[in-house]
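Participant: how would this look folded up:
(one chain, ligands or ions: 1)
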Amino acid sequence: MEILIVGLMGYLLYQYSNSTLSSKYSPLSLFQINQNNEIKLAQVNSRLAAKIRQIIALANQEGYLLYIDEAYRTQAVQQEYYARGRTTPGDIITNTLNSKHTQGKAVDLMPVINGIPTNNLAAFDWQLIGKWARQVGGLTWGGNWKSLKDYRHLELP
Ligand SMILES: [Zn+2]
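Facilitator: Residues are numbered from 1 along each chain as shown. Okay, here's the model as predicted:
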C-alpha cells in the first residue's frame, strides 16, 4: 500500500512538472520508466495498451527504451493545445479539437536517451516508431500525416 501511495505521489508530481508538450525531463531510472508507462497505459483503451506494450518490447529487442509522453488527455487540455498559436502564444501544435487522446485511443512515444526521454528529431531515427507500429499492426502513425507530422503519435483508427 505504501509503495502504491509513493508511486502515485511520484506520478502526480511528475504530471504536474511535465504538463506541456515541450517538457524537459530529468534522467529517469528504468523502474520509473516502466512504472510511468504502466500508469499511463492503465488510462487508455486496453487494445491500444496491448499494442503499445508490444511496441515497447520490439524496441527493447533492438536496444531502444521507449517512454510514453502523453496518453489519455482531458478535453480541457486539448482545448489548451488547440488555442496555442491561435489565441494564445506559441506555435500551432495541433489541428484538432477531436484528438484520439481524449478518447484514450492515442499514445505519444519518445525514445529514452541516457535516461532522458527526448523529442529531439536528430537524436533518434523516428521512422522506427512507424516500423514497429507496422509490425504490430492496427495502428495509425502520426509520422504519416500530411501536415503537422507527429512522429511520436500512435492511435487506434
Ligand atoms: Zn499524440
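Participant: measure Ala71 to Gln61 for me?
Facilitator: Computed as CB to CB, to the nearest Å, the Ala71 to Gln61 distance reads 22 Å. (Each C-beta comes from the backbone N, C-alpha and C, glycine too.)
Participant: Mind checking which of those two has more residues around it?
Facilitator: Ala71 (23 against 9; other CB atoms under 10 Å).
Participant: and the closest residue to the more buried one other than its chain neighbours, what element?
Facilitator: Excluding the flanking residues, the one nearest Ala71 by CB to CB, 6 or more residues apart in numbering is Lys40, at 4.0 Å. Assigned by DSSP states H and E, Lys40 belongs to helix 30-41.
Participant: Send me that helix as PDB with only the CA atoms.
Facilitator: This file holds the C-alpha atoms of helix 30-41, laid out as PDB (Å, rounded to 0.1, in the frame of the first residue of the first chain):
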ATOM      1  CA  LEU A  30      14.300   2.000 -15.600                       C
ATOM      2  CA  PHE A  31      11.900   1.400 -12.700                       C
ATOM      3  CA  GLN A  32      10.400   4.900 -13.200                       C
ATOM      4  CA  ILE A  33      10.200   4.500 -16.900                       C
ATOM      5  CA  ASN A  34       8.300   1.200 -16.600                       C
ATOM      6  CA  GLN A  35       6.200   2.400 -13.800                       C
ATOM      7  CA  ASN A  36       5.200   5.600 -15.500                       C
ATOM      8  CA  ASN A  37       4.500   3.700 -18.800                       C
ATOM      9  CA  GLU A  38       2.200   1.300 -17.000                       C
ATOM     10  CA  ILE A  39       0.300   4.100 -15.200                       C
ATOM     11  CA  LYS A  40      -0.400   5.800 -18.500                       C
ATOM     12  CA  LEU A  41      -1.300   2.500 -20.200                       C
END
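Participant: wait, does whatever helix or strand comes next after it contact the ion?
Facilitator: Per DSSP H and E, the first helix or strand lying C-terminal to helix 30-41 is helix 46-61. No - counting by CB under 5 Å from the ion, the ion has no neighbours in helix 46-61; the shortest distance is 11.8 Å.
Participant: Start and end of stretch 147-157, how far apart?
Facilitator: 18 Å (CA to CA, to the nearest Å).
Participant: Buried residues, that stretch. List them.
Facilitator: Neighbour counts over stretch 147-157 (16 or more other CB atoms under 10 Å) mark 150-156 as buried.
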